[in-house]
Every structure is written in structure tokens, then in C-alpha cells.
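**Q** Any chance you can model this:
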Amino acid sequence: MKSITRAFAFFAALFAVTLHAQESNQRVENDLFCENPATVKILDLSNKQMTKIPPEIGNFVNVEKLYLRNNKIVSIPIEITNLKKLKEIYLNNNQIVRFPIEICRVASLEKLELSRNNLDYVSPSVAKLSKLKKLDVSNNKIYELPVEMAGMISLTELNFSNNIIKAFFPGIENLRNLKVLNAEKNKFEVIPVEIGNLANLTTLTVNQNRILAIPDEIGNLTKLTHLNVEKNLIKKLPSSVGNLVNLTYLDLDENQMRTLPESLNNLVVLKELYLGTNPWVSFPESLRPLIVKMLYGQSDAVKKLLTAPAPQAPAPQSQQPQQPQQPDTQQTQTQPQ
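**A** Predicted coordinates for the structure are as follows:
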């Protein structure tokens with residue numbers, strides 16, 4: 001169901017791009033050898049089985065959006081640097097092995113998508129893209145991110161999911177404009193406390209890693225609406241999560257949690273809560289109304305805990321009334337005169 005939703009979202013976005021281009025009278029072209037390439041604003045060369053980009057790409061000097069998805073491209077020609085007005089380039093699902101440093105010389109670039117290639121590193125030169133707002137290097141073989149990325153302060157969306165990265169790059173706290181951070185399906189063991197400085201973050205996705213704990217500083221992310229920590233090794237949810245008053249989605253499935261903090265009652269706009277297969281022992285009584293409201297789709301173990309009668313406090317033992325002592329007949333008998 002989720003896959004269908006994503007596919008629908010992709011085609012809807014593509015339709016929106018085309019419609020916007022038509023409405024704004026921007027010239028859209030899908031032929032690399034068309035007439036008057038200098039008048040083209042959007043060039044779509046996706047799904048053409050291309051193994052390389054011909055040097056003629058340099059003739060599109062006014063192009064702003066370049067789509068090269070779903071080809072077999074291995075490298076990027078130097079002529080790409082002629083595209084001085086290029087704002088967005090989409091190279092998803094190709095066969096690029098070496099990070100294309102040629103693109104790093106296109107200073108106007110705001111979006112760079114390189115997902116589903118064969119990259120094993122990100123060049124430090126990427127930090128030269130001072131206007132870049134979105135970087136997607138997901139679904140590659142990257143093992144490390146360069147420290148220079150700490151200087152990419154214009155980033156609002158960063159996606160390096162589904163790689164083999166073991167640690168966040170030092171200085172990630174400098175990305176104060178970041179709104180979406182997707183680090184799922186890597187090899188992380190630690191969420192750095194500095195993550196709490198990303199005050200504009202609305203989406204944090206770190207599921208399917210090896211994370212052992214969530215830092216208390218997570219509670220500083222008061223704009224967060226989406227938090228996914230599914231399939232890690234987390235034993236405890238910090239009570240500071242209760243500060244995330246804008247949270248609408250929280251996924252805790254498949255961790256090592258045994259209970260929840262009462263502060264979750266502060267999440268008044270929460271719409272989706274996934275507790276899943278944790279070794280749950282009990283929930284605070286005050287949380288029952290919140291969890292019961294979101295009981296649909298929860299694991300059988302969660303349902304069992306919630307449907308079991310609430311434990312009753314033991315009644316105070318009443319003291320047995322003392323029986324009046326019977327008079328000692330031997331002592332009270334009158335002595336014979």
C-alpha cells in the first residue's frame with residue numbers, strides 16, 4: 001500500500017511540474033538535438049537508455065531543470081558547467097560510480113538528486129554548492145559523509161538513507177535551516193546530542209539502524225511532526241519527547257522498550273502511533289486513553305496489555321474488632337461465707 005502511495009505521489013509531482021511549465025510558458029524539451037536549445041527551460045532526457053551525456057548538453061545555457069532519470073549514465077561531461085542557470089538536476093537510477101564533481105561547479109544549483117547509483121563516497125566539493133537546498137544521495141554504497149558538509153547551511157532537505165554510513169558528520173548542528181533529515185537503513189549506533197540544535201527540523205527518519213539510545217536533546221526539536229525510530233535497539237524513550245507538541249507521527253516498532261514515559265500525553269496532535277513488537281511490560285495508567293485511541297494496527301501484545309483489567313490497589317486491611325473479654329468466673333465467684 002505504501003509503495004502504491006509513493007508511486008502515485010511521484011506521477012502527481014511529475015504532472016505538476018509539466019503543468020506548471022505549461023502555465024508559465026516555459027519551453028519543455030525532451031530532444032537533446034532540438035532547435036534553439038538556448039530557449040529551453042526544462043530538459044527531460046529520462047528513460048532514454050543513455051550511457052553518457054553528449055557534449056551538446058552545454059548548448060542549453062538557460063535550462064533551469066534537467067531530468068536524466070532512469071538511464072545508464074556513468075559520468076557527467078564537463079560541458080555541464082555551461083548551464084549557469086541550472087537550479088535542479090535529477091540523476092536518479094543511473095550507474096554513476098564517481099561522485100560528479102563537475103556538477104559542483106554549477107553554483108546556481110538548488111536541488112541535486114543522485115539516488116540509486118553506485119556511489120561509495122560524497123566528494124567534499126559538494127560543499128561548494130552554497131545555494132543547494134536539497135541533496136539526495138540515498139540508495140547507494142556510501143560509507144562516510146565529508147565533514148565539509150557542515151558548511152552547507154542552505155540545506156533544507158538531506159537524504160542519505162539506505163547506505164552503509166556509521167556516523168553523522170561532525171558539525172551537522174550547523175545546518176540550522178534543515179527541515180527534513182532521512183538517515184534510515186544505515187549503520188548508525190548513536191544519534192548525536194547536537195541533533196537538538198536543528199530547531200527547524202520537521203521530519204527525522206532514523207529507522208533500521210543500530211541505535212541504542214535517543215538523546216534527551218531530541219526534546220528541543222519542537223517543530224518536529226514526523227519521528228521514525230523503528231527497528232533499532234532503543235531501550236528507553238526519553239521523557240523529553242513530550243516536548244514535541246507538534247508531533248503527528250511516531251513509530252517505535254521493533255526496539256527493546258518495556259514501557260513509555262507519561263509525558264507522551266503532551267502530544268495532543270498525535271495521529272499515528274506505532275508501538276509494535278517491543279518487549280512491553282506495562283504502560284502508565286495515564287497513557288491508556290491515548291494508546292486506546294490508536295489501538296488499530298497495534299501488535300497483539302500491546303492490545304493484551306491494554307485490554308487487561310487495570311491493576312487494583314489492594315484494599316486496606318480492616319482491623320478485626322476486639323471481642324470483649326469474658327469475666328473470669330473463677331475470680332468473680334463469691335467466696336462462701
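**Q** which residue ranges form the helices in the stretch 201-337 of the chain?
**A** Taking DSSP state H, counting those that start in this stretch, the helices of the stretch 201-337 of the chain run over residues 288-293, 300-307, 329-332.
**Q** name the helices or strands packed onto the first one?
**A** In this structure, helix 288-293 packs against helix 300-307, with contacts taken as 3 or more C-beta pairs under 8 Å, 6 or more residues apart in numbering; DSSP states H and E. In this view, the C-beta of every residue, glycine as well, is placed from N, C-alpha and C.
**Q** how about the helix it packs on: buried residues?
**A** V302, L305, L306 (16 or more other C-beta atoms under 10 Å).
**Q** Next, format these as JSON lines and append distance to K134 and pLDDT.
**A** Converted to JSON lines, the buried residues of helix 300-307 look like this (distance: C-beta to C-beta, whole Å; pLDDT from 0 to 100):
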{"residue": "V302", "distance to K134": "37", "pLDDT": "90"}
{"residue": "L305", "distance to K134": "42", "pLDDT": "87"}
{"residue": "L306", "distance to K134": "41", "pLDDT": "84"}
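**Q** residues near Q208, how many?
**A** 19 (other C-beta atoms under 10 Å).
**Q** likewise E102?
**A** Other residues close to E102 by other C-beta under 10 Å number 15.
**Q** re earlier: would you format the buried residues of helix 300-307 as a markdown table with distance to S123 included?
**A** Listed next are the buried residues of helix 300-307 as a markdown table, based on distance: C-beta to C-beta, whole Å:
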| residue | distance to S123 |
| --- | --- |
| V302 | 46 |
| L305 | 50 |
| L306 | 51 |
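**Q** picking that back up, quick one: closest of the helices of the stretch 201-337 of the chain to K141.
**A** K141 sits nearest to helix 300-307 of all the helices of the stretch 201-337 of the chain, at 36.7 Å, using C-beta to C-beta.
**Q** For that closest one, list the C-alpha coordinates in PDB.
**A** Extracted C-alpha coordinates of helix 300-307, given in PDB (Å, rounded to 0.1, in the frame of the first residue of the first chain):
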ATOM      1  CA  ASP A 300      -1.300  -8.400  19.900                       C
ATOM      2  CA  ALA A 301       1.000  -7.900  22.900                       C
ATOM      3  CA  VAL A 302       0.000  -4.200  23.100                       C
ATOM      4  CA  LYS A 303      -3.700  -5.000  22.800                       C
ATOM      5  CA  LYS A 304      -3.400  -7.600  25.500                       C
ATOM      6  CA  LEU A 305      -1.800  -5.100  27.900                       C
ATOM      7  CA  LEU A 306      -4.500  -2.500  27.200                       C
ATOM      8  CA  THR A 307      -7.500  -4.800  27.400                       C
END
